[in-house]
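# quick one, fold the following:
(one chain, ligands or ions: 1)
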Amino acid sequence: MNAPKPDAAAAAHSRRVQDAVVDAIEAAGGWISFADYMQLVLHAPGLGYYSAGSTKFGAEGDFVTAPELSPIFAGVCARQIDRLLKAQGGGALLELGPGTGAFAVTALERLHQVASPLLAYEMLEISADLRERQRQHIRDPLARWLDALPTPAPRIVFANEIIDALPAERFVVREGGWWRLGVGWGEEGLEWRVRPAEGQAEGDAAFRAHAAMLAEDLQRRGVTLPEGYCGEWHPQLNEWVAALAATVESGAILFADYGLPRTQLYHPDRMQGSLRCHYRHHAHGDPFAYPGLTDITTWVDFSAVAEASEAAGMQVVGFTTQTAFLLGGGLEAELQLAAALSNDPVQVARRAAGVRQLMLPGEMGEAVKLMLLTRGIAAQGEAFGLRDLRDSL
Ligand SMILES: C[S@@+](CC[C@H](N)C(=O)[O-])C[C@H]1O[C@@H](n2cnc3c(N)ncnc32)[C@H](O)[C@@H]1O
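Numbers count the residues shown, from 1 in each chain. Alright, predicted model coming up:
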C-alpha cells in the first residue's frame with residue numbers, strides 16, 4: 001500500500017489492537033471468525049477504529065462520505081424526510097451513526113426552513129469521540145443524544161453508511177461447499193484461515209444455516225457460485241433491522257449505503273466479494289494492514305434488507321441509485337438555494353465538484369443505493385419515482 005506510514009503513537013495503538021486480536025485468537029483455540037475480527041478492530045472499547053480517537057473523516061482522515069462531500073446530499077434527504085414527517089403529522093427523526101454531524105447540521109437547517117413538524121432530532125452514536133465532535137458541531141435545541149434505541153413512537157429513521165460497517169461473515173466456495181474464512185496468527189502476522197464450518201468453532205451452526213439458506217435462494221434465482229468464489233454477509237442484519245423497525249410505531253426508515261440487490265452482489269464476476277478497507281484515502285483489500293487505524297466495509301445485500309424489513313412489518317416503498325434519488329428528490333431546488341446564498345466562483349466550483357462525486361457512476365452515483373421503508377403512512381417516496389429498482393431485489 002502506497003499510503004503514508006502511521007506516526008509513532010498511531011503505530012503503537014495499532015500494535016495494541018493487534019495484541020488484543022492475538023489474545024482473542026489464542027483464547028478461541030487459534031481461529032476467530034471474520035465477523036469477530038471486525039467487531040474487535042472496529043468497535044472494541046478504547047481500541048477499535050470507531051471507538052478510539054482516530055480522525056477517520058475528511059482530508060486528514062481515511063475516507064469521505066456523502067454528507068461530508070456536499071450539503072446537497074443532506075438537503076435532498078431532508079426534503080424527502082420532510083414529506084414523510086408531514087404525511088404522518090409530525091414525529092422525531094433518529095439518525096444512526098451521525099459521524100461528524102455534517103448531515104444533521106444541514107438537515108436541521110432545511111427542516112426548520114420548510115417548517116417541518118419535527119419534534120426531536122435524535123442521534124445514536126456508538127463512538128464516544130464522534131459523539132463529542134457532534135456535540136461541538138450541532139447546537140440545535142431539538143438535538144438529543146441517545147444511549148440506546150428509543151421506545152416506539154411516530155418516527156423517521158435515517159442511516160448513511162452504517163450497514164456496511166456491521167461485522168461481516170466471509171465465506172469461500174471449496175469442494176462445492178461454503179467454507180468459513182476467519183483469522184489466525186502466523187509467521188507473517190495476522191492471516192486468513194479457511195476451514196469447513198463443521199462445529200469446532202463458535203458460530204459454525206449459524207454460519208452453516210445461513211450459507212444453506214443463501215445458496216438455495218441464489219440457486220432459485222439462477223445463480224450458482226463457482227469454486228473459489230469469496231463473499232460476505234452481515235450476520236446481525238435481521239436482528240438489527242428488526243430492532244430499528246421496532247422504534248417506528250408509524251413512519252419510515254431511509255437507508256443509504258454501498259450495496260446491490262442479491263443476484264448482482266453474489267455474481268460470479270465478483271469472485272473476491274466486496275470487502276473494502278480505507279486507510280488515509282487509500283482503498284485496499286487487506287483488513288490486516290494497520291488494525292485499528294483502518295476502516296473495513298463490505299457491501300450491503302439490499303434484498304436481505306428488504307426481507308428483514310418486511311419480516312418486521314415494514315413495506316419497501318422505494319429502492320434506487322443515489323444519482324436517481326438526488327435528481328428525483330430536489331437536486332435543482334437545492335442548487336438554486338445554494339446559488340442564492342453564494343455565487344462566489346470558488347464556492348461554485350467546490351459545489352460542482354461535490355455534486356459530481358455524489359453523482360458520477362464511477363464514484364458514488366451508482367454504487368450507493370437508497371431504500372425507503374414505511375409503516376402506517378401513505379407512501380411519500382417522490383425521490384424514488386425517477387428510477388424504481390425494486391424489481392431487482
Ligand atoms: C462510515 S461512518 C458514517 C458516518 C455518517 N453517517 C456519514 O455519513 O458521514 C459510520 C458511523 O456509524 C457509527 N456506527 C457504526 N456502527 C454503528 C451501530 N451499530 N449503531 C450506531 N452507529 C454505528 C460509527 O461510529 C460512525 O459514526
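
# got the domain boundaries for the chain?
Per the record's domain assignment (automatic domain parsing), the chain is made up of the domains 8-47+166-236+266-293, 66-164+243-259+299-392.

# CSV for those, including mean neighbour count and mean pLDDT?
Quick note: C-beta positions are derived from backbone N, CA and C, even for glycine. Supplementary listing: the domains of the chain in CSV, determined by neighbours: other Cβ atoms under 10 Å; pLDDT from 0 to 100:
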stretch, mean neighbour count, mean pLDDT
domain 8-47+166-236+266-293, 17, 95
domain 66-164+243-259+299-392, 19, 95
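
# closest to residue 2 out of those domains?
Closest to residue 2 of those is domain 8-47+166-236+266-293 (Cβ to Cβ; 6.7 Å).

# that closest one: end-to-end distance?
Domain 8-47+166-236+266-293 has an end-to-end distance of 13 Å (criterion: Cα to Cα, to the nearest Å).

# mind listing what the closest residue to the ligand within the stretch 51-200 of the chain touches?
With Cβ to the nearest ligand atom, the shortest gap between the stretch 51-200 of the chain and the ligand falls at residue 97, namely 2.3 Å. By Cβ atoms under 8 Å, 6 or more residues apart in numbering, the contact list for residue 97 reads 124, 125, 126, 127, 130, 159, 160, 161, 162, 165.

# surely residue 318 meets residue 386?
No - under the contact definition of Cβ atoms under 8 Å, residue 318 does not touch residue 386, with a separation of 10.4 Å.

# select the longest helix from the protein.
helix 8-27 (DSSP state H).

# past that helix, which element shows up next along the chain?
Past helix 8-27, further along toward the C-terminus, the next helix or strand under DSSP states H and E is strand 32-33.

# I would like the residues contacting that next one, please.
21, 24, 25, 40, 169, 180, 182, 183, 201, 202, 203, 207.

# please list the residues of this structure that sit near the ligand.
Residues of the chain lying close to the ligand by Cβ under 6 Å from any ligand atom are 50, 65, 67-68, 96-99, 103, 124-127, 130, 160-162, 165.

# if we can go back for a sec, overlap in contacts of residue 318 and residue 386?
When contacts are counted by Cβ under 8 Å, 6+ apart, the set common to residue 318 and residue 386 is empty.

# could I get the domains of the chain as a markdown table with distance to residue 2?
Written out in a markdown table, the entries for these read as follows (distance: least, Cβ to Cβ, whole Å):
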| stretch | distance to residue 2 |
| --- | --- |
| domain 8-47+166-236+266-293 | 7 |
| domain 66-164+243-259+299-392 | 20 |
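
# so which of the contacts of residue 97 sit within strands?
By the criterion of DSSP state E, membership of those in strands covers 124, 159, 160.

# and the contacts of strand 32-33, which is closest to residue 347?
Checking those one by one against residue 347 (Cβ to Cβ), the nearest turns out to be residue 40, at 42.5 Å.

# could you measure from that closest one over to residue 289?
The gap separating residue 40 from residue 289 is 15 Å, by Cβ to Cβ, to the nearest Å.

# quick one, helices of the stretch 151-300 of the chain?
If you assign secondary structure with DSSP state H, counting those that start in this stretch, the helices in the stretch 151-300 of the chain sit at 204-220, 237-246, 262-265.

# packing partners for the second one?
The elements that helix 237-246 packs onto, with contact taken as 3 or more Cβ pairs under 8 Å, 6 or more residues apart in numbering; DSSP states H and E, are helix 302-311.

# just the CA trace of the helix it packs on, in PDB.
Listed next in PDB are the C-alpha coordinates belonging to helix 302-311 (Å, rounded to 0.1, in the frame of the first residue of the first chain):
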ATOM      1  CA  PHE A 302     -30.300  -4.900  -0.200                       C
ATOM      2  CA  SER A 303     -32.500  -7.900  -0.900                       C
ATOM      3  CA  ALA A 304     -31.700  -9.100   2.600                       C
ATOM      4  CA  VAL A 305     -32.500  -5.600   4.000                       C
ATOM      5  CA  ALA A 306     -35.900  -5.800   2.200                       C
ATOM      6  CA  GLU A 307     -36.600  -9.300   3.500                       C
ATOM      7  CA  ALA A 308     -35.700  -8.300   7.100                       C
ATOM      8  CA  SER A 309     -37.800  -5.100   6.900                       C
ATOM      9  CA  GLU A 310     -40.900  -7.000   5.500                       C
ATOM     10  CA  ALA A 311     -40.400  -9.600   8.300                       C
END
